[in-house]
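Asker: Generate a structure from the sequence data that follows.
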Amino acid sequence: MTLPGMTGEFADRVVEQRASADGAFKTLADLLDRRVLSQDVFRGLFEQITVRSDVFTVESLGVSGSGIQRRILAVIDRGSDPARILYWYQTP
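Answerer: Here you go, the predicted model:
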């Protein structure tokens, strides 16, 4: 709803289509092909949206009470059951 031009109606369509038999959007063009967004709204959002991926990056920063910081970066695949950590790195 915070995206420019997004309305409650369009947001509901996105959620309904993801839950439908067609499933998750595989390309941005699916938003037009399935008539989820109008062409005008799509043009305004094109550079701000992406399709769902099963692999994503998580970055976490922890700070102790004394100010010591540690950053962890992990690449996670949620497409497997259970989800798998493909790679992780902790800063010294």
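Asker: In this structure Gln17 contacts Phe25, no?
Answerer: Yes - under the criterion of C-beta atoms under 8 Å, Gln17 makes contact with Phe25 at 7.3 Å. Where you see a C-beta, it was placed from the backbone N, CA and C, and this is true even at glycine.
Asker: so what sits against both of these two?
Answerer: Arg34 (C-beta atoms under 8 Å, 6 or more residues apart in numbering).
Asker: Kindly indicate whether the residue at the greatest distance from the centre of the chain is helix, strand or coil.
Answerer: Relative to the centre of the chain, the most outlying C-alpha is that of Ser66, 34.3 Å out, by C-alpha atoms, centre = their mean. Of the three states, Ser66 takes coil according to DSSP: H, G, I helix; E, B strand; the rest coil.
Asker: ok, and what's touching the lengthiest helix in the chain?
Answerer: Determined from DSSP state H, the single longest helix within the chain is helix 8-19. Contacts with helix 8-19, where a contact means C-beta under 8 Å, 6+ apart, come from 1, 24-25, 30-31, 34-38, 41, 52.
Asker: Send over it as CSV, restricted to the C-alpha atoms.
Answerer: This file holds the C-alpha atoms of helix 8-19, laid out as CSV (Å, rounded to 0.1, in the frame of the first residue of the first chain):
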residue,chain,number,x,y,z
GLY,A,8,-6.5,-1.3,-1.7
GLU,A,9,-8.1,-2.9,-4.8
PHE,A,10,-4.7,-3.5,-6.5
ALA,A,11,-3.1,-4.8,-3.3
ASP,A,12,-6.0,-7.2,-2.8
ARG,A,13,-5.6,-8.5,-6.4
VAL,A,14,-1.9,-9.2,-5.7
VAL,A,15,-2.6,-11.2,-2.6
GLU,A,16,-5.5,-13.1,-4.3
GLN,A,17,-3.4,-14.0,-7.3
ARG,A,18,-0.5,-15.2,-5.2
ALA,A,19,-2.9,-17.5,-3.4
